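S.K.: One predicted model, sequence on top.
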Amino acid sequence: MSEEIADALEAEGIVEPFPIQELALPIALNGSDIIGQARTGTGKTLAFGIPLLQRAQEAPGSSKRPRTLVVVPTRELAIQVAADLTTAGKRSGARILTVYGGRSYEPQINGLKEGADVVVGTPGRLLDLEKQKHLRLDGVGAVVLDEADKMLDLGFLPDIERILKRIPAERQVMLFSATMPSEIVALSRQYLRRPTHVRAGDDNEIDGSAITSRIAQHAFRTHQMDKIEMLAKLLQAEGHGQSMVFCQTKRTCDRVANDLEARGFAVAAVHGDLGQSQRERALRAFRNGKINILVATDVAARGLDVDDVTHVVNYETPEDEKTYTHRIGRTGRAGRTGTAVTFVDWQEMPRWKLINSALGLSFNEPEETYSTSPHFFEALGIPRGTKGKLALDKRSEHEGLEAEEIEDIGDTGGPHAERGRRGRGRGRNENRGGSSARGESRGESRGEDHGSGEERPRRSRSRRRTRGGQSVGTGAAGGAAEAGARTAEAKAPAAKASGESESAEGTRQIRRRRRTRAAARRDPENT
């Protein structure tokens, strides 16, 4: 390994390799194809990142075309991988570019024009840039497929094959995956040349079917209305640091974040309805310690690597054992310890039993638990007397999401790309300017002009039911209508001073039209 890369890692305190790095680096640095399997959070990024940086450093010339390519399934993982490679390549002068959807094309196109040694991106944006002739793949000598099983789950397999077909035949391919489904095996047989398969840990640990000794797992059967109170108390447990709370839906994610914020916690939400700038802002605030709670859907279950996450809470039971494994894998990383807590609602019990059975856990019948249950406080180390709101003297420990600036990255789409803080969008009664369409009170006029800020007067129209020019009514309703018409007529200006009533004139006009139509039917030629 080059001295520049080794010195950059040593400056970050990285001197001893993790098992996957110890197994993969000698093979990858030799230029051979490799298949790597390891549990999440065990240093896979540097296992393939160091060989890529070394190859870029040793390549002759200063070509602007990328020499190496990293394909990842999610935007968050692309950002994380690029950050790790930037750290390792600080002293070698490696040019690293990140490309993914949700951001404007111009900065990424400009980065390709200026030149990049390593391009990290998601399949869709990579193919878009290649189709537009901005990304040249004919100079790529090494390609990495990271989290290949996740890309398979998201339906990226056809895109991966298109990318591999556009790369020269003489290349190094490194495939990293936590699991090895049959489709990934078939992909490796087709596009890898005599790959070496390395595994860090036994099969059970890699597949997530064994309890990780570094993560203390808990499951409680809860009531839907009591979950937020339990969560607020859990987030004040002893030894609590950075925490991630996972929800199944975007709406629940926003609601939980709002509730926690109202209780005094420094929190932000991350889900698919947010614009990319909002997602990155929340993740930066979480990594920088400006907030200590991140409420997320499974969009953040992979790719978010924060070493000091102490607690992971499944506010809602995940879909399956794989999702559960990747969620709790956000804690207990890099040799640290962590705590994972799952709230199991009554209707989620069948799904939880399947997860419990698949992973061999000991919570087939989680104990019924409430926010006041003594065993809940004791199991998680929550101090006695803890309330469901954060104490006032602790609310200033974190700066909050507002302290993290929003980066203008030119969000490219999505109906909620320009949402406000935490992506809450317009309310049901809110217009585009952010003001209430119904006004501040229910009695405000519906004719308000929101563009000018002034109110338009409403025209009052009185209607009369007539027959033959005379006002008529049906029963009591007709009489009331006729009385109202007479009252309105009495209040109107005296426009009938000429001596002829409007109703009589209307009757004569109707009779004239009838006579004209009758004459036309009798003699159409002379009419």
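M.R.: Perfect, thanks for sending it.
S.K.: can you dump the C-alpha coordinates of stretch 149-164 into PDB?
M.R.: The C-alpha coordinates for stretch 149-164 follow below in PDB (Å, rounded to 0.1, in the frame of the first residue of the first chain):
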ATOM      1  CA  ASP A 149     -28.000  -7.700  -2.700                       C
ATOM      2  CA  LYS A 150     -29.700  -4.400  -1.900                       C
ATOM      3  CA  MET A 151     -29.400  -3.400  -5.600                       C
ATOM      4  CA  LEU A 152     -31.000  -6.700  -6.500                       C
ATOM      5  CA  ASP A 153     -33.900  -5.900  -4.100                       C
ATOM      6  CA  LEU A 154     -34.400  -2.500  -5.600                       C
ATOM      7  CA  GLY A 155     -34.500  -3.900  -9.200                       C
ATOM      8  CA  PHE A 156     -31.200  -2.500 -10.300                       C
ATOM      9  CA  LEU A 157     -29.900  -5.700 -11.800                       C
ATOM     10  CA  PRO A 158     -30.600  -4.800 -15.400                       C
ATOM     11  CA  ASP A 159     -28.900  -1.400 -14.900                       C
ATOM     12  CA  ILE A 160     -25.900  -3.100 -13.400                       C
ATOM     13  CA  GLU A 161     -25.600  -5.400 -16.400                       C
ATOM     14  CA  ARG A 162     -25.800  -2.400 -18.800                       C
ATOM     15  CA  ILE A 163     -23.000  -0.700 -16.900                       C
ATOM     16  CA  LEU A 164     -20.800  -3.800 -17.000                       C
END
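S.K.: for this protein, where's the lowest mean pLDDT among helices and strands?
M.R.: helix 203-207 (a mean of 47; mean pLDDT, DSSP states H and E).
S.K.: Heading C-terminal from that helix, find the next helix or strand.
M.R.: Of the helices and strands lying after helix 203-207 in sequence (DSSP states H and E), the nearest is strand 215-221.
S.K.: other SSEs contacting that following strand?
M.R.: Secondary-structure packing of strand 215-221 (3 or more C-beta pairs under 8 Å, 6 or more residues apart in numbering; DSSP states H and E): strand 338-344, helix 349-359, strand 367-368, helix 374-380. Using the backbone N, CA and C atoms, a C-beta is placed for each residue, glycine as well.
S.K.: List the strands paired with it, with their directions.
M.R.: Under the criterion DSSP bridges, strand 215-221 sits next to strand 338-344 (parallel), strand 367-368 (parallel) in its sheet.
S.K.: quick one: that strand to helix 349-359, angle?
M.R.: 150 degrees (axes from the mean of the first three to the mean of the last three C-alpha atoms, to 10 degrees).
S.K.: just how off-centre is strand 215-221 within its chain?
M.R.: 26 Å (C-alpha atoms, centre = their mean, to the nearest Å).
S.K.: Residues touching whatever helix or strand comes next after that strand, excluding its own?
M.R.: On the C-terminal side of strand 215-221, the closest following helix or strand by DSSP H and E is helix 227-234. Helix 227-234 is contacted by residues 220, 222, 245, 256, 259-260, 263, 265, 311, 313, 315, 341, 343, 345, 369-371, 376-377, 380, 382, 386-390 when judged by C-beta atoms under 8 Å, 6 or more residues apart in numbering.
S.K.: just stretch 254-271 next, same as before
M.R.: Counting by C-beta under 8 Å, 6+ apart, 228, 231-232, 235, 245, 247, 250, 253, 279, 281-283, 285-286, 290-297, 299-300, 315, 388-392, 394-395, 397-401, 422-424 sit against stretch 254-271.
S.K.: 6 Å instead?
M.R.: For stretch 254-271, the surrounding residues in contact (C-beta atoms under 6 Å, 6 or more residues apart in numbering) are 228, 232, 250, 253, 279, 282, 285, 291-293, 295-297, 300, 389-390, 395, 398, 400-401, 422.
S.K.: tell me which residues in that stretch are buried?
M.R.: Neighbour counts over stretch 254-271 (16 or more other C-beta atoms under 10 Å) mark 254, 256-257, 259-261, 263, 265-271 as buried.
S.K.: tell me the mean pLDDT over that stretch?
M.R.: In this model, stretch 254-271 has a mean pLDDT of 94.
S.K.: Give me the distance from it to the chain's centre.
M.R.: Centre to centre, stretch against its chain (C-alpha atoms, centre = their mean), the figure for stretch 254-271 is 15 Å.
S.K.: Ends of it, what's the gap?
M.R.: Taking C-alpha to C-alpha, to the nearest Å, the first and last residues of stretch 254-271 lie 9 Å apart.
S.K.: if I pick residue 245, what's in contact with it?
M.R.: Residue 245 sits next to 295, 313, 315 when contact means C-beta under 6 Å, 6+ apart.
S.K.: Distance of it relative to residue 95?
M.R.: 37 Å (C-beta to C-beta, to the nearest Å).
S.K.: Ok, residue 404 next?
M.R.: For residue 404 relative to residue 95 (C-beta to C-beta), the value is 27 Å.
S.K.: Where does residue 193 sit: helix, strand or coil?
M.R.: When classified by DSSP: H, G, I helix; E, B strand; the rest coil, residue 193 comes out as coil.
S.K.: which residues does the nearest residue to it once chain neighbours are set aside contact?
M.R.: Beyond its immediate neighbours in the sequence, the residue positioned closest to residue 193 (C-beta to C-beta, 6 or more residues apart in numbering) is residue 33, lying 5.3 Å away. Listed by C-beta under 6 Å, 6+ apart, the contact set of residue 33 reads 173, 192-193, 195.
S.K.: again, 7 Å this time
M.R.: Contact partners of residue 33, counting by C-beta atoms under 7 Å, 6 or more residues apart in numbering, are 172-174, 192-195.
S.K.: out of those, who's nearest residue 326?
M.R.: Set against residue 326, the nearest of those by C-beta to C-beta is residue 174 (20.9 Å).
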